[in-house]
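Student: mind looking at a prediction? Sequence and model below.
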Amino acid sequence: MQSLSNRAKKLEAKPMTLAERAYLPAIFQGLSITMRHFFRAATKKQVTVRYPEEQRPFSPIFRGLHVLKRDEAGRERCTACGLCAVACPAEAITMVAGERKKGEEGLYREEKYAVSYEVNMLRCIFCGLCEEACPKAAVYLQPDKMAPPRFERDEFIYGKDRLVEPVDPDARSIRGIQLTPEQAEALRQKTSGQLA
Amino acid sequence: MIELPTLGWQSIVILVVFGVSLLIATYCTYAERVIAAFLQDRVGPDRAGPFGLLQPLADAVKLFTKEEFFPAGANRALFIMGPCLAMITALMSSAVIPFGNVIQFGNNVFNLQGIEVNIGMLWIFGIVSLGVYGVMIGGWASNNKFSLLGAIRAGSQNISYELAMGMSLIAILMISGSLSLRDITLQQSAAGEWHFWNIVKQPLGFIIFLVCAFAETNRTPFDLPECETELVGGYHTEYSSMKMGLYLFAEYVNIFVASAVMSVLYFGGFNFPFQYELRDWLVSNQAWELASAQNLISVLGLLALFGKIFAFIFFFMWVRWTLPRFRYDQLMRLGWTILIPLAIFNILLTGGLLLAGVIDFGVIK
């Protein structure tokens, strides 16, 4: 029969030679191969990454956990226009808009701001379309943080308490777990006390 | 008549051998996993303690705390007896292995050996062939067709390979003229050189013995009794908790004993090269007493024997993670149509060489 791919190999059923039938040369060949691997594993650096202690570096274009950025004066950039929620293919973003009161100019940059802003990290597919849609450069997917595992589903709904960039960027998180404002505040006080 | 200090010494040695066998079996589980990992470019257990050295402890705790399961319709008494028998027979055989030469305290001379009997080799092979009962009884009592198939395979495999093993030993007996493992070891110590080791006189016999030892300990490539791909877990399919642990342990103790027997029979046991030169040098040049020099040689010999044993254990594991399992008909064909004729040929060859005077009977120095 004509072979379809023209890549079929013709095999001949040759009788085995004495060395092949004795089986021992093949055994020693196999043993030498595994021994090479043994010494390679024992002497060279292994490819295994021991995860909690060692971490693989993220790609520079990795899209991880969201953050709501502040501007240079420390004001929230988000104006609650809803474009990110519209752009989101997974419908993971919800928000409630509110009007900025007098005296809050130092907190919010625009006259309209997000009273609540929630991202459901279980729905989110980290595509980055919200980032692209945002006219105020407020939503940003961090290249070095992932949503850490949690025990309850509702803990994956990140509110503003965990999304908004803290004023002090150093106190943002510990080992990838986002701090609540209270925790960040406590940490800031603790470290400033040590410095003083 | 056995003297009282000798009796006390023998019980101490037996206890120590018992403990050492268990310790080695424990750490064989760890070594197996590390060696398997290294052979496959992995890391292996490294979480429990430094380098994962506490892993066997963690395994033991796990095994002890697992549910003890009895399958419906199982014969309870036999079901318990199976792993016990496997473990007892595995531990009993190490009693006659000479782990070292004599140690002298004052006027008392002690053997580094549990019991010195003139039928040492028969003892070991008697006990080892009893070992299959543990597997057979366990597989029968489980009331499970996979267990039963595994047990049947274990039975036929062990019987087939014991024949070839016994015949490869006959050649050793023809050379040594003694069944005592101590005599066989001492014969290989003539002048303390490695070329007096039996491996030089019996290379073919050693290969036959090695293959049969793999089959007797149910190790890959002959692990058909517990072959996971066909028989779930073979004879220990229904076992859980520490009863399962005893089966696994018995296998490692068997490996230890098989390694020790191979070291003693073919690789000079506790002899190491230049031992007598070292002793004479200590006595003549360093002004040591003969007794203390001999004690040092004995201790070094003990370490040498354990080095050989560990090398064999490594070889067992190395082979396990290299070779695939045989098919059942291949196993039987290898045993009956290749190994047994080869062993018979080896006996004839040895006899001919002995008559021709090419190799001589061992001499005890």
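Tutor: Arrived safely, thanks for sending.

Student: only C-alpha atoms for contact and neighbour calcs from this point on.
Tutor: OK.

Student: how close does residue B:209 sit to chain A?
Tutor: Between residue B:209 and chain A the computed distance is 15 Å (CA to the nearest CA, to the nearest Å).

Student: element containing that residue?
Tutor: In this structure, residue B:209 sits in helix B:203-216 according to DSSP states H and E.

Student: what's that helix in contact with?
Tutor: By CA atoms under 8 Å, 6 or more residues apart in numbering or on different chains, the residues outside helix B:203-216 that reach it are B:157-158, B:161-162, B:164-165, B:168-169, B:171, B:199, B:220-223, B:258, B:262, B:266, B:316, B:339, B:342-343, B:346.

Student: and stretch B:334-343, end to end?
Tutor: Start-to-end span of stretch B:334-343 (CA to CA, to the nearest Å) is 12 Å.

Student: pull out the buried positions in the helix holding residue B:209.
Tutor: For helix B:203-216, the neighbour count (16 or more other CA atoms under 10 Å in any protein chain shown) marks B:204, B:205, B:206, B:208, B:209, B:210, B:211, B:212, B:213, B:214, B:215, B:216 as buried.

Student: the helices in the chain, which residues?
Tutor: As the question left the chain open, I've gone with chain A. Assigned by DSSP state H, chain A shows helices spanning A:18-22, A:24-43, A:83-87, A:129-133, A:160-163, A:181-195.

Student: not what I meant, chain B
Tutor: Secondary structure of chain B by DSSP H: the helices cover B:4-39, B:55-65, B:76-92, B:120-141, B:145-176, B:181-187, B:198-201, B:203-216, B:228-231, B:241-266, B:275-285, B:290-320, B:328-333, B:340-356.

Student: nearest residue to the residue in chain A that chain B sits nearest to other than its sequence neighbours?
Tutor: For chain A, the residue positioned closest to chain B under CA to the nearest CA is residue A:38, at a distance of 4.4 Å. Nearest residue to residue A:38, sequence neighbours excluded (CA to CA, 6 or more residues apart in numbering or on different chains): residue B:39, at 4.4 Å.

Student: now do the contacts for that neighbour.
Tutor: Residue B:39 makes contact with A:34, A:35, A:37, A:38, A:41, B:318, B:321, according to CA under 8 Å, 6+ apart.

Student: where in the stretch 1-150 of chain B is pLDDT low?
Tutor: Along the stretch 1-150 of chain B, the model assigns pLDDT under 70 to residues B:1-5.

Student: so which bits of it are right by chain A?
Tutor: Residues of the stretch 1-150 of chain B that fall close to chain A, judged by CA under 8 Å from any CA of the partner chain: B:35, B:38, B:39, B:40, B:41, B:42, B:43.

Student: now the residues you listed as a markdown table including distance to residue B:27?
Tutor: Output for the residues of the stretch 1-150 of chain B next to chain A, formatted as a markdown table (distance: CA to CA, whole Å):
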| residue | distance to residue B:27 |
| --- | --- |
| B:35 | 12 |
| B:38 | 16 |
| B:39 | 18 |
| B:40 | 20 |
| B:41 | 21 |
| B:42 | 19 |
| B:43 | 17 |
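
Student: okay, now residue 8: neighbour count?
Tutor: Defaulting to chain A. Counted with other CA atoms under 10 Å in any protein chain shown, residues neighbouring residue A:8 total 9.

Student: chain B was what I was after
Tutor: Around residue B:8 there are 11 other residues, counting by other CA under 10 Å.

Student: quick one, phi/psi of residue A:104?
Tutor: The phi/psi pair for residue A:104 (degrees, to the nearest 10) reads phi -100, psi 10.

Student: how close does it get to residue A:111?
Tutor: The gap separating residue A:104 from residue A:111 is 9 Å, by CA to CA.

Student: residue B:291 against residue B:104, yeah?
Tutor: Yes. Under the criterion of CA atoms under 8 Å, residue B:291 makes contact with residue B:104 at 6.3 Å.

Student: tell me which of the two has more neighbours.
Tutor: Using other CA under 10 Å as the criterion, residue B:291 and residue B:104 rank with residue B:291 on top: 18 against 15.

Student: any weak-confidence spans in chain A?
Tutor: Looking at chain A by pLDDT under 70, you get A:1, A:167-181, A:183-196.

Student: what parts of it come near chain B?
Tutor: A:27, A:30-31, A:34-35, A:37-42, A:46, A:48.

Student: mind naming the longest strand for chain A?
Tutor: Longest strand of chain A, by residue count under DSSP state E: strand A:112-120.

Student: ok so, going back, make TSV from the contacts of residue B:39 and add neighbour count and distance to residue A:21 to it.
Tutor: Formatted as TSV, the contacts of residue B:39 follow (neighbours: other CA atoms under 10 Å in any protein chain shown; distance: CA to CA, whole Å):
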residue	neighbour count	distance to residue A:21
A:34	22	22
A:35	17	23
A:37	18	26
A:38	20	28
A:41	20	32
B:318	20	22
B:321	20	22
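
Student: next up, the contacts around residue B:104.
Tutor: With CA under 8 Å, 6+ apart, residue B:104 has these contacts: B:110, B:291, B:292, B:295.

Student: which ChimeraX command selects the buried ones in those?
Tutor: For the buried members of these, the matching ChimeraX selection, counting by 16+ other CA under 10 Å, is:
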select /B:291,292,295
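
Student: any chance of the contacts of residue B:104 in JSON lines, plus distance to residue A:3?
Tutor: Shown next, in JSON lines, are the contacts of residue B:104 (distance: CA to CA, whole Å):
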{"residue": "B:110", "distance to residue A:3": "78"}
{"residue": "B:291", "distance to residue A:3": "82"}
{"residue": "B:292", "distance to residue A:3": "80"}
{"residue": "B:295", "distance to residue A:3": "76"}
